[in-house]
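Enquirer: what follows is a predicted structure for the sequence shown.
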Protein chains: 2
Amino acid sequence: MPAASAKDYNPRPLGPPPSSLAQPLEPVMPDHAISPIRSQDYPEWYQQVVRAADLAEQSPVRGCMVIKPHGYAIWERMQTILDRMFKATGHQNAYFPLFIPLSYLEQEAKHVEGFAKECAVVTHHRLELGPDGKLIPTGKLEEPLVVRPTSETIIGAMYAKWVQSWRDLPVLINQWANVVRWEMRPRLFLRTAEFLWQEGHTAHATRDEAVEETLRMLDVYATFAERDLAMPVLKGPKPSGERFPGAVDTFSIEAMMQDGKALQAGTSHFLGQNFAQAQGIKFSNSSGVEEFCWTTSWGVSTRLIGAVIMTHSDDDGLCLPPRIAPTQVMLLPIHRTDEERTAVLACCRQLEAELSNARFGDEPIRVRIDARDMRGGDKVWQHVKQGVPLRVEIGPRDLAAGAVSVSRRDRGPRERAAMPLGQFVAEAAGLLDDIQRGMFDRAKAFRDQHSVRLGSTAEVVEFFERPAEKGSPVQGGFAHVHVADDPAVTAMFDPLKVTVRCIPLEGNDDPGTCIVTGRPVTGRSVLARSY
Amino acid sequence: MPAASAKDYNPRPLGPPPSSLAQPLEPVMPDHAISPIRSQDYPEWYQQVVRAADLAEQSPVRGCMVIKPHGYAIWERMQTILDRMFKATGHQNAYFPLFIPLSYLEQEAKHVEGFAKECAVVTHHRLELGPDGKLIPTGKLEEPLVVRPTSETIIGAMYAKWVQSWRDLPVLINQWANVVRWEMRPRLFLRTAEFLWQEGHTAHATRDEAVEETLRMLDVYATFAERDLAMPVLKGPKPSGERFPGAVDTFSIEAMMQDGKALQAGTSHFLGQNFAQAQGIKFSNSSGVEEFCWTTSWGVSTRLIGAVIMTHSDDDGLCLPPRIAPTQVMLLPIHRTDEERTAVLACCRQLEAELSNARFGDEPIRVRIDARDMRGGDKVWQHVKQGVPLRVEIGPRDLAAGAVSVSRRDRGPRERAAMPLGQFVAEAAGLLDDIQRGMFDRAKAFRDQHSVRLGSTAEVVEFFERPAEKGSPVQGGFAHVHVADDPAVTAMFDPLKVTVRCIPLEGNDDPGTCIVTGRPVTGRSVLARSY
């Protein structure tokens, strides 16, 4: 048997040995690839989807995950798209230290209060081998260092040096980095002690400019979520109790997961002059008078991968929106004999070349050949579970007929459509587009179906306490209600584990009276349980 | 005056206020932009080049640097090219934890010995505010965690879980990450407590395959250094005393800086079964017998930016090889009146569009317009110091003549060639190619000029002790000599601060007798002082 070309997709093989190669692709599939299914145990279903798609796993270090190649490739897609959007809005990347001196954290009172309880602290800078062969920390630091939970303080310290005059403004910088927030109940992607993210930090001469920047980046996040992740989001300010520690205003995008819970998928903070005052970020204005800057910060993290999984996946595993799928089209050669293999692989390579020359969105279609020698059914099943948008099987009969057999991940795993080869090449981008739109539409319809407008606390209690319908993992959803930004509101819904997620900025010109305090409010807030 | 388009290049302005705008571009330049110049004080010249190019600066955290936007953009270029090369050689990216439990470090004896003295140690996971408003570390960890100085142990622990059978091999993974090695004498890019790097970690079924991988990645680094960084390198094994802690063999690429010192620019390690045995990375072979894997690791870091600076820059500042220059062509509009500005900017935009459609290498030419309102001379000077390969000035007279005024960074800062606009567009890629090749050739000629073959210890001593020639920062260079891999050799050259950098793999079929021990050796080693 001729060796597969080095160009072929050949990751670590899973499953049966090569002797069982070239079985016909009529897999005996179980009812569902994931067990339990969503309606049985949604949190466990999530863990099993992550596992079946080989995205990540817990590491031996408490709360820290290992992001495996398929998971990381999704993150790379997200990075590529977001990075382009940040640069198109005038930002540059830079890199600031991992460590923050304790004295910096102390500068902004609310900030330190918000992060002190979950900081990894470096206290020593060397190790010595003890008599028992165990390592002992030595070289105690004069001032302990915190592993950054976020970088406002260390970046602010640099801006205070860099900014002198109004001509130095605005400063528009983003950083791609790892951060650490000690986490007692970690969940892969959703809550991990270390996670990857980007954090934008900007400084401006005026309040208006900083507010504009805050909202611009919120829009960037919303566009990315809806266009690229096919994930509809509500965007708006958080109530005061849910603000970033030290912010004047925090805005978020909130998505609905398939159990009806909200997931905060990105935040953009208007920091006012709080950090500028704490850190001395000052400039002389055009009249030569010294003023404090107005700053913002904004971030999204590897949590987005958790959001995508829970928005789109089904009981057969991961479902990836084509725009962020590392591989959009997986070509699956089928053959029994060496001659068949040669002919089928040649056809696959031709198809790979043609598809790579076609474009979906702004980029070449991402296509791979899975030429591994393993049972065809297992191979198909793996790509189903890994969420590849289009699978294309090509066997000797297809070859003879000049056709391919196409399966969409957004349809049942057994559905296949025969298609003339040329037609497939011509229509592949259109199919991907159709899948992308369909995923968004389905997620949007789901959110609409589980969103209600409620008018009293009794209705809210009933909505969130009503048991899930049979066969559905959804309990509650998004309740759009009139509530004031008030501790009484928080206290009222706390027993339900329900919080105000945000006050949507759009489609919310709907004044009313707070159902808890009776105070007038200008629009509805969204109440939900959340991740 | 009409506002510049948002698309225009508009970083934080430096220097004089806008009132002095539209001065003619006849700057009164000092003799050299950098002071001191190379021959006066090479280490200080380096710091001043970094500063003048606005690449990085020391942060308030001991030994940690801030990589500023221009420096980070160069790193992004390096990442893009290397990442493509890693993927083309079959590797996938993944991400492993920042923290390593002490007990993991203890597993490989030489490894822990090599890194124990420079580890940042996390001992606590929360902070509490003391009565004096100062933060106190609390929540002591049962087992302290080390901030990764390199990831062999934590990645090996995962591979031990992932690899079961010969069918799971090879594992070919790379990680882009930050690492920390406590550094007492930091120098920007060259030695910093935290730095950015990539680390490849692979596991194989056979020794041969692992050796082949080690050498393949060494070649990838050498190709990248010579083709993209225009930096000639020698590649070969290090002597045993200079190996990576825990490695069987360490190979490096070594470049010569302009003071004649060597800089190790990348390393590739054959780890044998050392880590596999320490960590239990085992597989059952095709006969069902359990064997230990053979592993490799390889890395390059932000140190490469230091290498590029010291290989190519001159007394006017940074000189960037076009392939890694964030901006390859900087368009500089010149105008006095609003009408002139409108016409000149329109021409710049047209030129920008045409150049963006042209390609240099595999990519569109990276072109920007610097439309900032500042004195033309200062603007030109800034791009000289920042190393932009081609500067193009366009003023009303050029416009009338249908010409542009082109300056190459590899020529004197006052040199300019008038060129018909169309010709420039047609020849831009060729000019960039010429600059790229010229930079390599010049660096290679410099290395050759300062490389010698020596036959006795007396000659070696004389070579490295000879004072620098007047006007040159070079003391010593590369001495190709016959020496054995022996402590006596190390001891002999230690007083000169000279070490064996590597034993070149190529052009080294030159057996002889060790000038220190008298033992036969198969080829010459390279002796040099080093960074």
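Expert: Here it is on my side, so go on.
Enquirer: got the CA positions of stretch A:233-252 in CSV?
Expert: Extracted in CSV, the C-alpha atoms of stretch A:233-252 (Å, rounded to 0.1, in the frame of the first residue of the first chain):
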residue,chain,number,x,y,z
VAL,A,233,-26.4,38.3,21.6
LEU,A,234,-28.1,41.0,23.6
LYS,A,235,-25.8,43.9,24.3
GLY,A,236,-26.2,46.5,27.0
PRO,A,237,-25.0,47.8,30.4
LYS,A,238,-24.8,45.6,33.4
PRO,A,239,-26.4,46.6,36.7
SER,A,240,-24.1,48.3,39.1
GLY,A,241,-23.6,45.2,41.2
GLU,A,242,-22.2,43.3,38.2
ARG,A,243,-19.7,45.9,37.1
PHE,A,244,-16.0,45.2,36.5
PRO,A,245,-14.2,46.2,39.8
GLY,A,246,-13.2,49.8,39.3
ALA,A,247,-15.4,50.5,36.2
VAL,A,248,-17.9,53.3,35.9
ASP,A,249,-20.0,51.2,33.5
THR,A,250,-19.7,47.7,32.2
PHE,A,251,-21.4,46.6,29.0
SER,A,252,-21.7,43.0,28.0
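Enquirer: can you list the buried residues in it?
Expert: Neighbour counts over stretch A:233-252 (16 or more other CB atoms under 10 Å in any protein chain shown) mark A:233-239, A:242-252 as buried. C-beta coordinates here come from the backbone N, C-alpha and C atoms, glycine included.
Enquirer: briefly note if that stretch comes near chain B.
Expert: No - Stretch A:233-252 is not in contact with chain B by CB under 8 Å from any CB of the partner chain; minimum separation 13.2 Å.
Enquirer: off-centre distance for that stretch?
Expert: In terms of CA atoms, centre = their mean, to the nearest Å, the gap separating the centre of stretch A:233-252 from the centre of its chain is 19 Å.
Enquirer: and stretch A:191-211, by the same measure?
Expert: So, by CA atoms, centre = their mean, the centroid of stretch A:191-211 is 17 Å from its chain's centroid.
Enquirer: and it with chain B, contact?
Expert: Yes - Stretch A:191-211 reaches chain B (CB under 8 Å from any CB) through A:E194, A:L196.
Enquirer: what about that stretch, how long is it end to end?
Expert: End-to-end span of stretch A:191-211 (CA to CA, to the nearest Å): 29 Å.
Enquirer: stretch A:501-512 now?
Expert: Termini of stretch A:501-512 sit 18 Å apart (CA to CA).
Enquirer: could you dump the helix or strand harbouring A:V179 to PDB, C-alpha only?
Expert: In the assignment (DSSP states H and E), A:V179 maps to strand A:171-180. Output in PDB follows, covering the C-alpha atoms of strand A:171-180 (Å, rounded to 0.1, in the frame of the first residue of the first chain):
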ATOM      1  CA  VAL A 171      -3.600  55.300  23.100                       C
ATOM      2  CA  LEU A 172      -5.300  52.300  21.500                       C
ATOM      3  CA  ILE A 173      -3.600  49.100  22.500                       C
ATOM      4  CA  ASN A 174      -4.700  45.400  22.700                       C
ATOM      5  CA  GLN A 175      -2.900  42.500  24.300                       C
ATOM      6  CA  TRP A 176      -3.300  38.800  23.700                       C
ATOM      7  CA  ALA A 177      -2.300  37.000  26.900                       C
ATOM      8  CA  ASN A 178      -2.900  34.400  29.600                       C
ATOM      9  CA  VAL A 179      -4.500  35.500  32.900                       C
ATOM     10  CA  VAL A 180      -5.000  33.700  36.200                       C
END
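Enquirer: pull up the pairing partners for the helix or strand following that strand, direction included.
Expert: Going down the chain from strand A:171-180, the next helix or strand is strand A:194-204, by DSSP H and E. The strands beside strand A:194-204 in its sheet (DSSP bridges) come out as strand A:171-180 (antiparallel), strand A:294-301 (antiparallel).
Enquirer: circling back to that earlier point, what lies in contact with the strand holding A:V179?
Expert: Applying CB atoms under 8 Å, 6 or more residues apart in numbering or on different chains, the contact partners of strand A:171-180 are A:79, A:83, A:86, A:89-96, A:98, A:119-120, A:147-151, A:155, A:159, A:162-163, A:193-203, A:213, B:12, B:69, B:98, B:177-178.
Enquirer: show the buried residues in those.
Expert: Looks like those have A:83, A:86, A:89, A:91-96, A:98, A:119-120, A:147-151, A:155, A:159, A:163, A:193-203, A:213, B:12, B:69, B:98, B:177-178 buried, using 16+ other CB under 10 Å.
Enquirer: just want the residue of the stretch 251-400 of chain A that's nearest chain B.
Expert: Residue of the stretch 251-400 of chain A nearest chain B, by CB to the nearest CB: A:T302 (8.5 Å).
Enquirer: who's in contact with that residue?
Expert: When contacts are taken as CB under 8 Å, 6+ apart, A:T302 is in contact with A:I67, A:W75, A:F189, A:T192, A:F195, A:L196, A:W197.
Enquirer: right, and the helix or strand after the top helix by length along chain A?
Expert: Longest helix in chain A by number of residues, with DSSP state H as the criterion: helix A:421-449. Sequence order places strand A:451-453 as the next helix or strand after helix A:421-449, per DSSP H and E.
Enquirer: who does that following strand pair up with?
Expert: Applying DSSP bridges, strand A:451-453 is found paired with strand A:478-481 (parallel).
Enquirer: average pLDDT across the strand it pairs with?
Expert: Across strand A:478-481, the average pLDDT comes to 98.
Enquirer: and the contacts of that strand?
Expert: A:234, A:256, A:260, A:262, A:447, A:450-455, A:460, A:463-464, A:498, A:501, A:504, A:515, A:524-528.
Enquirer: so which strand or helix has the residue lying closest to A:Y531 once chain neighbours are set aside?
Expert: Take A:Y531 and drop its neighbours on the chain: the residue closest to it by CB to CB, 6 or more residues apart in numbering or on different chains is A:L263, 4.6 Å away. Using DSSP H and E, A:L263 falls within strand A:262-270.
Enquirer: and for A:L141?
Expert: Here A:L141 is assigned to strand A:135-147, by DSSP H and E.
Enquirer: and for A:V220?
Expert: Secondary structure from DSSP H and E places A:V220 in helix A:207-223.
Enquirer: that older thread, Throw the strands paired with strand A:194-204 into a markdown table and include mean pLDDT, thanks.
Expert: Formatted as a markdown table, these follow (pLDDT from 0 to 100):
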| stretch | mean pLDDT |
| --- | --- |
| strand A:171-180 | 98 |
| strand A:294-301 | 98 |
